[in-house]
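1. Sequence and predicted structure, then a few things I'm wondering about:
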Amino acid sequence: MSSSTPTKNDITQESQKLLHAAALNIVALIDHVHKYEGTENTSAGFFGADLKRSINELADAIDKEVTRFLIACKPPALEVEIRVLTPKILAGFFQLVQHFDRIPKLAGKTYLDAVRKAICRSLVAIAMVFNSFIEEPVEVDKAVVAEMSYMASSGIFWEHCKALAQIPTDNRTAVVAVWVESVGSLVKDAAEELSESLQEAEAVDLKDSKDSEYSDDSMDDFDPEIPTHRVAEGRKIQKLVNVAKHTCDKIALRCIRDCAQLDDERTVWLDRLLDLGRPVQSSVDDLVATLFADEDVWMAQVGVEKEALTRALGELVTLAITFVDDSHLPWFELCRKQLDAAKHTSNVVR
């Protein structure tokens, strides 16, 4: 068969070889970006806003080339156009990775991960675009491919070009976004669900006391999710959960959002706040879950999980005090006192 003979999608074998080689290069870039941990340079000469601007401009240029490429691949395929545009697209992604390689480690772990994720997903997207036009596709990261399998090839690319335009400008911006998604909102949801469950249990308990002198089998009574005899302990747990919620809210506003001076020490501080915030969120979930545990184990679990949450909150508050503005120190000191008080709260008594 001649190299110019049309095959898949009316694209010749010669052009498919070019696309296959381009896809292999993209996969190599994906591997590099996954492993990159930042330069050892200081962050003094690095400006996230400048990087964001450069990446946005480059993403716009790549977007235009890919649009032309997709049009050229429609039958009847424009072979000359495909062979001109493929190296241009590849060069654009090489430049994109070169921009990424400028990020110093001290710019912040959360920031670096956010930019890495946006670039990796765009690289995977363009690899999938190339693969859709060749008979022997190049293997790409299966986990990411599965996540994006619901999208058409061209749609994948344009979606992730938008992601490149939304990369954070610095570590503070990156930590804000991750904190809201993986800490603050989850703790808030747990606090609200606990409050609703306790109200339901109290309402049933009140009704039972009023109806104790008679019963009506026709009524469709229901059992609350939290057994009524655990409500008193539930209210104690709620106080500690609310401390966790208010602490997470305060850190989001006064430590993370209001961190105006982003030197190397504060950049690391923000990453550590996020690292210590996640155990707080997990401990809140675990503590609330004890109220739904089996009768023979729930009391013991309450004590263990209270201690775990109190310890996690104490570590987070201690770290927050390191660089928080002096005007907010009294609140965090009060929080410390509340945590000390929670440590001495007695466990459940039957």
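-> Now that the structure is in, tell me what you want to look at.
2. which residues touch stretch 75-84?
-> Defining contact as C-beta atoms under 8 Å, 6 or more residues apart in numbering, one finds that stretch 75-84 is touched by 4, 6, 9-12, 14-15, 18-19, 68-69, 71-73. Bear in mind the C-beta positions are built from the backbone N, C-alpha and C, glycine included.
3. Residue 282: neighbouring residues, count only.
-> For residue 282, the count of nearby residues is 16 (other C-beta atoms under 10 Å).
4. Could you check how far it is from residue 110?
-> Going from residue 282 to residue 110 by C-beta to C-beta, to the nearest Å gives 18 Å.
5. which secondary element of this protein has the worst mean pLDDT?
-> helix 142-147 (a mean of 58; mean pLDDT, DSSP states H and E).
6. List the buried residues for the host helix or strand of residue 56?
-> Using DSSP states H and E, residue 56 falls within helix 48-73. Under the neighbour-count criterion of 16 or more other C-beta atoms under 10 Å, helix 48-73 has 48, 51-52, 55, 58-59, 62-63, 65-66, 68-70, 72-73 buried.
7. So residue 295, which state does it fall into?
-> coil (DSSP: H, G, I helix; E, B strand; the rest coil).
8. If you drop the residues flanking it in sequence, what lies closest to it?
-> Nearest non-adjacent residue to residue 295, counting by C-beta to C-beta, 6 or more residues apart in numbering: residue 227, 7.9 Å away.
9. so what's the backbone phi/psi at the one you found?
-> Main-chain torsions, residue 227, degrees, to the nearest 10: phi -60, psi 140.
10. Just confirm it contacts residue 201, I think it does.
-> Yes - here residue 227 reaches residue 201: they are 7.2 Å apart, a contact under C-beta atoms under 8 Å.
11. Looking at the two, which one has more neighbours?
-> residue 201 (21 against 16).
12. before we move on, which element is the more buried one in?
-> Assigned by DSSP H and E, residue 201 falls in helix 185-210.
13. So which elements touch whatever helix or strand comes next after that helix?
-> The helix or strand immediately downstream of helix 185-210 is helix 231-250, counting by DSSP H and E. Secondary-structure packing of helix 231-250 (3 or more C-beta pairs under 8 Å, 6 or more residues apart in numbering; DSSP states H and E): helix 185-210, helix 264-290, helix 298-321, helix 329-343.
14. List of residues touching the last one?
-> Looking back up the chat, that one is helix 329-343. By C-beta under 8 Å, 6+ apart, the surrounding residues in contact with helix 329-343 are 239-240, 243, 246-247, 250, 254, 306-307, 310, 313-314, 317-318, 320-321, 324.
15. from memory residue 245 sits against residue 187, does it?
-> Yes - using C-beta under 8 Å, residue 245 is in contact with residue 187, at 5.2 Å.
16. Of these two, which one has the most company?
-> Using other C-beta under 10 Å as the criterion, residue 245 and residue 187 rank with residue 187 on top: 24 against 21.
17. who touches that one in this structure?
-> The contact partners of residue 187, by C-beta under 8 Å, 6+ apart, come to 241, 244, 245, 248, 280, 281, 284.
18. Can you get me a residue count around the closest residue to the fifth one other than its chain neighbours?
-> Of all residues not flanking residue 280 in the chain, residue 312 sits nearest, at 4.7 Å (C-beta to C-beta, 6+ apart). Per other C-beta under 10 Å, the neighbour tally for residue 312 reads 20.
19. Over to residue 36?
-> Around residue 36 there are 17 other residues, counting by other C-beta under 10 Å.
20. phi, psi of it?
-> Dihedral angles (degrees, to the nearest 10) for residue 36: phi -70, psi 130.
21. hang on, it packs against residue 100?
-> Yes - using C-beta under 8 Å, residue 36 is in contact with residue 100, at 6.8 Å.
22. what touches both of the two?
-> Common neighbours of residue 36 and residue 100 (C-beta under 8 Å, 6+ apart) are residue 116.
23. where does residue 102 land on pLDDT?
-> According to the prediction, residue 102 has pLDDT 90.
24. Can you say which helix or strand has it in it?
-> In the assignment (DSSP H and E), residue 102 maps to no helix and no strand.
25. Next one: the most centrally placed residue in the chain from residue 185, what distance?
-> Nearest to the mean C-alpha position of the chain, by C-alpha atoms, centre = their mean, lies residue 178 at 5.0 Å. Relative to residue 185, residue 178 is positioned 11 Å away (C-beta to C-beta).
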